[in-house]
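Peer 1: what's the 3D shape of this:
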Amino acid sequence: MSEPYILFPVPLSELKTLIHDAVSECLAATSASRTGDSPDGLISREEAADLLHISYQTLAKRTQSGEFVAYRVGSRVLYKRTELIAALIPTNRYTVPGNKRGPKPKLRAAA
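Peer 2: This next block holds a predicted model:
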């Protein structure tokens with residue numbers, strides 16, 4: 001504190017505006033980081049599991065198998081949102097790898 005501070009009265013309405021603007025900027029920055037809209041597109045394990053609608057255990061198994069790529073930043077494990085979405089492959093729900101079975105047959109109405 002090498003320079004002295006000069007305090008002067010500020011009108012209450014101006015003070016409210018300053019506080020409102022500062023809080024709005026902080027909230028915008030916080031919500032952007034929570035929704036994964038960060039510039040590098042990295043999201044946490046929790047957000048990745050929610051995005052893919054899978055459990056943490058399934059996410060960990062698929063990461064170990066190489067299906068998903070994880071990035072470690074310090075003690076945090078992060079995923080790139082674009083890579084997770086690109087790793088998803090559309091598939092027929094009722095086909096099994098190696099099995100040429102088609103769609104599930106329709107049920108017949110009871111007689």
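
Peer 1: give the buried residues for the lowest-mean-pLDDT helix or strand in the chain.
Peer 2: In the chain, the helix or strand scored least confidently by mean pLDDT, DSSP states H and E is helix 12-34, which has a mean of 76. Within helix 12-34, no residue counts as buried by 16 or more other Cβ atoms under 10 Å. The C-beta positions use only the backbone N, C-alpha and C, and glycine is treated the same way.

Peer 1: same check on stretch 63-72?
Peer 2: Of the residues in stretch 63-72, 63, 68, 70 count as buried by neighbour count, 16+ other Cβ under 10 Å.

Peer 1: the last one against V77, yeah?
Peer 2: Yes - proximity of A70 to V77 meets the contact threshold set by Cβ atoms under 8 Å, at 5.1 Å.

Peer 1: now do the strands in this protein.
Peer 2: 42-44, 70-73, 76-80 (DSSP state E).

Peer 1: need those strands in TSV with distance to L52 and mean pLDDT, can you?
Peer 2: Shown next, in TSV, are these (distance: least, Cβ to Cβ, whole Å; pLDDT from 0 to 100):
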stretch	distance to L52	mean pLDDT
strand 42-44	11	91
strand 70-73	13	91
strand 76-80	9	92
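
Peer 1: out of these, flag the one nearest A22.
Peer 2: strand 42-44 (26.6 Å; Cβ to Cβ).

Peer 1: helices and strands around that closest one, which ones?
Peer 2: strand 76-80, helix 81-87 (3 or more Cβ pairs under 8 Å, 6 or more residues apart in numbering; DSSP states H and E).
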